[in-house]
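Next input, structure requested:
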Amino acid sequence: MNTSIRATVPGNLMLMGEHAVLHGKQALACAVTDSMRVILKPRTDTRIRIFSDLGECETEVSRIHIVSPFRFVLTGVAHFRDRLPSGFDLHIESDFSDDVGYGSSAAVTLGTQAVLSAWMGEPADPDTLFQKSLAVVRAVQGRGSGADVAASAFGGMVAYRMEPVTIEPLRRTHPITVVYSGYKKPTVQVIEQVESSRARHPALFDGLFDLIDAAAREAVDAVRREDWAAMGRLMNIQQGFMEALGVADRTLSRMVYTLREQPGIQGAKISGAGLGDCVVGLGRFTNPDYPYQTMNTNMNEAGLRID
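Reported below is the predicted structural model:
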């Protein structure tokens, strides 16, 4: 096959279940309209070249070196090392920066696995690509719930559990507002901070994780019923749990409460690990005096697509 293969992968946001999902609890995530495109073009030699806004990289099929900022891509390529028929060019285009919490690592991993699987004639359905991509993410960063990968793979809103892996595409969407704080602490560092606190107060944190699980399960039921008022209230409750986990700083809390004051917003909370990154509100509003810059995205019904 000499023609290009393109995978379009939506970004994603966590809506409910942060941190607790790593302990087997319920989570709720969604795909967003901002997408990433991964395009593979086979070569006639054995060189592998990667092009993206983060820079360029070149390696060889026989000796794939895993280097930043392409660790997720190259680790994914290395999983195919013994089966690659030739080298290839890989072009990565994105509607969003890797600084913004739209799950860029999950999206680029999923896109890479998709184009390589399609090129090899291997199964490229969402379930198979989810499993392959989750293995890559965990190989690179040591842990990862997979909720972000599932949302990008299946699209819409996705109910997710890590242990055992349970993915339920809910086939629902709702308008959202996303606000970026302007800074971001690496997810692995935030997780380590939460786990360190949990080690000092295991009973309290296990209780918090149970409460997060209960709220997330209620949120999944609310989405099934399309009871968006209940979903908004549960997002507000989840924000309280994020405060208790120690991942809401003064700036993020101010952003959340300011967002809740806007007409049309039914609930708001931190999205993701916390200590930076994004705040998400359920609903949309128009207010020229709103003091924070919002990002123009929405939930995306579509998941991964391969052309």
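
Contacts only, for the residue lying closest to Arg47 once chain neighbours are set aside.
Residue nearest to Arg47 in three dimensions, not counting chain neighbours: Gly87, with 4.2 Å by C-beta to C-beta, 6 or more residues apart in numbering. Yep, even glycine has a C-beta here, placed from its N, CA and C like the rest. Shown in contact with Gly87 (C-beta atoms under 8 Å, 6 or more residues apart in numbering): 42-43, 45-49, 60-61.

what about 7 Å?
If you count contacts by C-beta atoms under 7 Å, 6 or more residues apart in numbering, Gly87 has them with 43, 45-48, 61.

what does Val194 give?
Counting by C-beta under 7 Å, 6+ apart, Val194 has contacts 19, 245-247.

low pLDDT regions in the stretch 151-300 of the chain?
Within the stretch 151-300 of the chain, the set of residues satisfying pLDDT under 70 is empty.

and if you look at the stretch 1-150 of the chain?
1-2.

which residues of it fall in helices?
Remark: helices assigned in the stretch 1-150 of the chain by DSSP state H, counting those that start in this stretch are 71-78, 104-120, 126-141, 147-154.

Could you dump those into CSV with distance to Asp210 added?
Below are those laid out as CSV (distance: least, C-beta to C-beta, whole Å):
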stretch, distance to Asp210
helix 71-78, 32
helix 104-120, 26
helix 126-141, 25
helix 147-154, 18
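
Out of these, flag the one nearest Ser94.
helix 104-120 (6.8 Å; C-beta to C-beta).

buried sites along that closest one?
Neighbour-count burial for helix 104-120 flags 104-119 (criterion: 16 or more other C-beta atoms under 10 Å).

same deal with stretch 291-298?
294, 297-298.

Go ahead and measure how far that stretch is from the middle of the chain.
18 Å (C-alpha atoms, centre = their mean, to the nearest Å).

go on, stretch 183-197?
Relative to the centre of its chain, stretch 183-197 is centred 16 Å away, using C-alpha atoms, centre = their mean.

and what of stretch 63-80?
The mean C-alpha position of stretch 63-80 is separated from the chain mean by 20 Å, C-alpha atoms, centre = their mean.

residues in contact with that stretch?
If you take C-beta under 7 Å, 6+ apart as the criterion, stretch 63-80 is touched by 48, 50, 54-55, 57, 59, 81, 90, 105, 108-109, 112-113, 116, 120, 136-137, 139-140.

do the same with stretch 133-151
For stretch 133-151, the external contacting residues (C-beta under 7 Å, 6+ apart) are 12, 14, 21-22, 27, 29-31, 71-72, 75-76, 79, 103, 105-106, 109-110, 113, 130, 158, 160, 162, 165, 167, 188.

Show me where the stretch 1-150 of the chain has its strands.
5-16, 27-42, 47-52, 55-60, 88-94 (DSSP state E, counting those that start in this stretch).
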